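Visitor: prediction below, plus the sequence it came from.
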Amino acid sequence: MTGSMYEPTTPEQAKLRKELAPDVHEAFEGFSRAVFAEGALPVKTKQLIAVAVAHVTQCPYCIDGHTKLAIRKGASPEEIMEAIWVAAEMRAGGAFAHSTLALNAMEHSTRHAGETP
């Protein structure tokens, strides 16, 4: 496969997205500016969090954009990779923690194997 499943957004698509819902688009843009503004957390930290979350949500556009922004805000390649590893552990940790549901279901099924529903 030579092409990408995730094509870059064209300027025409960006314009159309804004034209189709201008009020919502501006609200989202404003929200984004507020979220990523300097605050209790430095902008670099917010971008590292965004890189990690982008990996958990598996958004290629977010991974690309926030990785570039993190670098622009002073994040090192080592910090970015460490954020990605945190995301990987949290994703795996979620599966590990939720194994309790399967263990409970197995216990329930074993205990009630001979009963009719």
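Guide: Nice, thanks for sending it over.
Visitor: could you use CA atoms for every contact and neighbour count after this?
Guide: Will do.
Visitor: now do the helices in this structure.
Guide: Across the chain, reading from the start of the chain, the helices by DSSP state H fall at 11-20, 22-35, 43-57, 60-72, 77-111.
Visitor: to residue 3, which of the ones you listed lies closest?
Guide: Ranking the helices of the chain by their distance to residue 3 (criterion: C-alpha to C-alpha) puts helix 60-72 first, at 14.6 Å.
Visitor: tell me the buried residues in the closest one?
Guide: The neighbour-count criterion (16 or more other C-alpha atoms under 10 Å) identifies 62-63, 66-67, 69-71 as the buried residues of helix 60-72.
Visitor: name the stretch among the helices of the chain that sits most buried.
Guide: Across those, averaging neighbours per residue (mean count of other C-alpha atoms under 10 Å) puts helix 43-57 on top, at a mean of 21.
Visitor: show me what that helix is packed up against.
Guide: Secondary structure elements in contact with helix 43-57, counted by 3 or more C-alpha pairs under 8 Å, 6 or more residues apart in numbering; DSSP states H and E, are helix 60-72, helix 77-111.
Visitor: chain center to that helix, what's the gap?
Guide: Chain-centre distance of helix 43-57: 7 Å, with C-alpha atoms, centre = their mean, to the nearest Å.
Visitor: let me see the residues that make contact with it.
Guide: Contacts with helix 43-57, where a contact means C-alpha atoms under 8 Å, 6 or more residues apart in numbering, come from 36-37, 60, 62-63, 66-67, 69-70, 73-75, 79-80, 83-88, 91.
Visitor: let's see that with 10 Å instead.
Guide: Residues from elsewhere that reach helix 43-57 (C-alpha atoms under 10 Å, 6 or more residues apart in numbering): 35-40, 58-76, 79-92.
Visitor: what does stretch 20-32 give?
Guide: Under the contact criterion C-alpha under 10 Å, 6+ apart, stretch 20-32 has outside partners 15-19, 33-35, 37.
Visitor: now the residue of the chain most remote from its centre: how far from residue 108?
Guide: Going by C-alpha atoms, centre = their mean, the residue of the chain most distant from its centre is residue 114, 44.0 Å out. When distances are taken as C-alpha to C-alpha, to the nearest Å, residue 114 and residue 108 turn out to be 11 Å apart.
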